[in-house]
Structures are given as C-alpha cells and as structure tokens.
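1. build the 3D model from these lines:
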Amino acid sequence: MNKDILICGVGGQGTVLASKIIAASASAEGESIHSAETIGMAQRGGSVTSHVRIGKDAYSPLIPYGNADLLLAFEPAEAVRNLKYLSSDGVAIVNTAATKPVTESLNDTGYDGSKMVEYIKKKCICIFVDSDEVCRPFGSSKFFNIVILGIAAGSGRLGLSSEILLKQIEKRVPGAYVEINKKAFLAGYDIGRASVNE
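-> Alright, predicted model coming up:
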C-alpha cells in the first residue's frame, strides 16, 4: 500500500496521537512508514500538522503539495490552510466545529468556520462532521481525534483494518480511557461506512 495522509488541527486537539496511531498501525501491518510533525505554538492553540507516509514510494517524511490521498482536518480553517497538499482525487474529512483563535477574544471577528466549510465543498471530495455533536455521548470533543480515525477507517480511505487500529488505541491511550476511546472509534467507523453509501 502507498498512501499519504495529512492530519491538521490546532494544539490540544490530539492530532499527534492520531498520527502515531496511524503510523503504528501501518507498521504493525508490515508497511514502511515515514512521519513528521510541524508544530507552531501548539500549546497556545497554534497550528499542528502531521505528515504520515505509508509505503515504499515515500522517500521523505514530508508530503509534497498535491500528493495527499487523505486530509484529516480537526478544524475548518486548518483544512483550508492545508488543502494544497490534497491530490485531485484525494478526500478531506473535516470537522465543521471551529476552534476560535485567541485573537477572537480580543476582537470579535465572527469566525465560526462556516465560510471555510463552503469553500472546502467547492474544492474537493469531502466528508463533514461536527465534533461537538458526534462527541456529545462521550462527554467531550477531546475524543474527536479517535472518532476521525474511525471515520477514515470506515470510509475505506485509510486502508488500515479497524482491528489493528483498535489494538493501537489500546496500547497508546491511558488504561482508564481505553473503552470510551474504542466506543468513539466505532461511532466514527459507522459514520465512515454511512458516507460510502451517500
């Protein structure tokens, strides 16, 4: 399998954990992996981007522009910022719930992500999901990083088995949170499966 996956969001959303689960799952299936993170003021809500390249065709960890098969976007503005990486037939899975920047509290710009979502719709094949809505049963949108993995797996676009991904969740999530994260993954998986039939 050869696949380039770009994961983007802001600090605190769990993008790095998601990338590590994907990379470890691909490695467990015997695939060659390259990965890298680019982090800008992540602890203060800055941009975080993870590149995961699976397969022998990848010679460096950074995905070239126009080469990503899959874009997992935890925030709509970050999705727009990183669309340049997506290939012409690539798919974007995008959280429609905006994370307002710190500057929003200083100067009300009215940013809610809706204009970003409309822009993305015109640019690529996409699956949209509202993290607040889908994570409500789990009590926190912090579980979205696992939900989006489930969506990617269920849609068939990730190319990794749910069994392998669930095993890596068990290994990488603190014990007290394993079961709820597995439920979050399976909820996402169902959304991904449903998206194929739309």
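
2. going forward, measure contacts between C-alpha atoms and count neighbours the same way
-> Noted.

3. and the longest helix seen in the chain, which residues are buried?
-> Assignment by DSSP state H gives helix 178-196 as the longest helix of the chain. By neighbour count on 16 or more other CA atoms under 10 Å, the buried set for helix 178-196 is 178, 181-193, 195.

4. go on, stretch 118-127?
-> For stretch 118-127, using 16+ other CA under 10 Å, the buried residues are I120, C124, C126, I127.

5. output that stretch as PDB, nothing but the C-alphas.
-> Once non-C-alpha atoms are left out, stretch 118-127 reads as follows in PDB (Å, rounded to 0.1, in the frame of the first residue of the first chain):
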ATOM      1  CA  GLU A 118     -18.400  26.400   2.000                       C
ATOM      2  CA  TYR A 119     -15.000  26.900   0.400                       C
ATOM      3  CA  ILE A 120     -13.900  23.300   1.000                       C
ATOM      4  CA  LYS A 121     -17.100  22.000  -0.500                       C
ATOM      5  CA  LYS A 122     -16.200  23.600  -3.800                       C
ATOM      6  CA  LYS A 123     -12.600  22.300  -3.800                       C
ATOM      7  CA  CYS A 124     -12.600  18.600  -3.100                       C
ATOM      8  CA  ILE A 125     -14.400  15.400  -2.200                       C
ATOM      9  CA  CYS A 126     -15.200  15.800   1.500                       C
ATOM     10  CA  ILE A 127     -16.900  14.200   4.500                       C
END
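
6. pull the residues that contact it.
-> By CA atoms under 8 Å, 6 or more residues apart in numbering, the surrounding residues in contact with stretch 118-127 are A79, V80, S88, D89, G90, V91, A92, I93, V94, S195.

7. strands - which of those land there?
-> S88, D89, G90, V91, A92, I93, V94 (DSSP state E).

8. who wins for most neighbours among these?
-> Among those, A92 has the most neighbours (other CA atoms under 10 Å), with 28 neighbours.
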